[in-house]
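Participant: I would like to see how this sequence folds:
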Amino acid sequence: MAMNPRITGSDLCVSADGTRVLRGVDVALHGGEVLGLIGANGAGKTTLLRALLRLVPLDAGTVRLNGCDITAAAPHQVAAEVAYLPQDRTVFWPLRVDRLVALGRMPHSGRRWFVGGESPEDRAAVERALARCDAAYLRHRAADTLSGGERARVLLARALAAETPALLADEPAAGLDPYHQLAVMAMFREAAAEGTGVALVSHDLALAARFCDRIVLMHDGGVLADGPPAEVLTDANLARAYGIRVRRDADGIPVPRERVGAPA
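Facilitator: So this is what the prediction gives:
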């Protein structure tokens, strides 16, 4: 059973360049669940993640972290509660991979990592994160020499190293080969089983259906459906949100088959 909400957003409204991007969105992330955010390009998924962290200004609405208005918390306090993996996978400096992953410990260790003063707990957390992302063998590589998939796993390890009660991840499986897509999604399930609340953006309907406890289907800046995968991923909802018709595999997982027109 899901725990009390880690993060709640109520009536969230966000605009960009005069265009309303989020339209009165209500969403909650509970501990112990994997929440999938899906929808067509431009539906508002990334903006919603950023709004939950107050990384974009709200026109209206409230975000609560563990029941308290998030604006009352200092940035380092939010970072100690919620890890964030953005969609951008750019690495600007040739940091060694283990040093890059250790950045995830900053909410707990401050600047100790920079001068080699990490605690044993910090070092253990970094090793756990590297192992979970199948990236331990990369620890001595310069991050700017990695392939796109390797870099994606290392940046996910940085977020995991924080070992926060909640994790928001924007397209964490993008750019990964099928083996590592499944491994990453299985890792999220393991984290949820340990009590972490995981919210992730995905364009892969099959992965979302197989691994998420709950799915929020976004459409035109609002929530079209919110519930268990089987209730959300209906033919009617997918046709409206994506303009597609799907077939179902033996487990009932939707697989896009053909276009039926632009999203309604």
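Participant: mind listing the strands the strand or helix carrying L217 pairs with, and their directions?
Facilitator: Taking DSSP states H and E as the definition, L217 sits inside strand 214-219. Strand 214-219 pairs in its sheet with strand 34-38 (parallel), strand 222-227 (antiparallel), by DSSP bridges.
Participant: just the buried positions in the longest one, please.
Facilitator: Read it as strand 222-227. 223-226 (16 or more other Cβ atoms under 10 Å). Using the backbone N, CA and C atoms, a C-beta is placed for each residue, glycine as well.
Participant: now those residues as TSV including pLDDT and distance to T90?
Facilitator: Formatted as TSV, the buried residues of strand 222-227 follow (pLDDT from 0 to 100; distance: Cβ to Cβ, whole Å):
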residue	pLDDT	distance to T90
V223	98	30
L224	98	32
A225	98	33
D226	98	32
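Participant: give the lowest-confidence helix or strand of this protein, using mean pLDDT as the measure.
Facilitator: Within the chain, no helix or strand scores below helix 106-109, which has a mean of 84 by mean pLDDT, DSSP states H and E.
Participant: elements contacting that helix?
Facilitator: Contacts defined by 3 or more Cβ pairs under 8 Å, 6 or more residues apart in numbering; DSSP states H and E place helix 106-109 against helix 75-79, helix 120-132.
Participant: CA atoms of it as CSV?
Facilitator: Extracted C-alpha coordinates of helix 106-109, given in CSV (Å, rounded to 0.1, in the frame of the first residue of the first chain):
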residue,chain,number,x,y,z
MET,A,106,26.1,17.3,-1.7
PRO,A,107,22.7,17.8,0.0
HIS,A,108,24.1,15.5,2.8
SER,A,109,27.8,16.2,2.8
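Participant: and the contacts of that helix?
Facilitator: 76, 79-80, 113, 118-119, 121-122, 162, 164 (Cβ atoms under 8 Å, 6 or more residues apart in numbering).
Participant: just the buried ones from those, in ChimeraX syntax?
Facilitator: Filtering the contacts of helix 106-109 down to the buried ones (16+ other Cβ under 10 Å) takes a single ChimeraX command:
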select :79,80,113,118,122,162,164
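Participant: adding distance to C13 and pLDDT, write the contacts of helix 106-109 out as CSV.
Facilitator: Compiled in CSV, the contacts of helix 106-109 are given as follows (distance: Cβ to Cβ, whole Å; pLDDT from 0 to 100):
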residue, distance to C13, pLDDT
H76, 27, 88
A79, 25, 93
A80, 28, 93
W113, 38, 51
E118, 41, 78
S119, 42, 86
E121, 40, 92
D122, 39, 91
A162, 29, 95
T164, 27, 96
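Participant: between the contacts of helix 106-109, which is nearest R96?
Facilitator: W113 (11.8 Å; Cβ to Cβ).
Participant: re earlier: let me have the buried residues of strand 222-227 in TSV, extended by distance to T145.
Facilitator: TSV is the format used below for the buried residues of strand 222-227 (distance: Cβ to Cβ, whole Å):
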residue	distance to T145
V223	41
L224	42
A225	43
D226	42
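Participant: quick one: contacts of the strand holding L217?
Facilitator: Defining contact as Cβ under 8 Å, 6+ apart, one finds that strand 214-219 is touched by 25, 27, 33-40, 43-45, 48, 208-209, 223-229, 232-233, 237, 240-241, 263.
Participant: so how far is that strand off the chain centroid?
Facilitator: In terms of Cα atoms, centre = their mean, to the nearest Å, the centre of strand 214-219 is found 13 Å from the chain centre.
Participant: now stretch 40-57
Facilitator: Offset of stretch 40-57 from its chain centre (Cα atoms, centre = their mean): 11 Å.
Participant: quick check: longest helix of this structure.
Facilitator: helix 178-193 (DSSP state H).
Participant: please name every helix or strand in contact with that one.
Facilitator: If contacts are counted by 3+ Cβ pairs under 8 Å, 6+ apart, helix 178-193 sits against strand 34-38, helix 148-161, strand 166-170, strand 197-201, helix 205-211.
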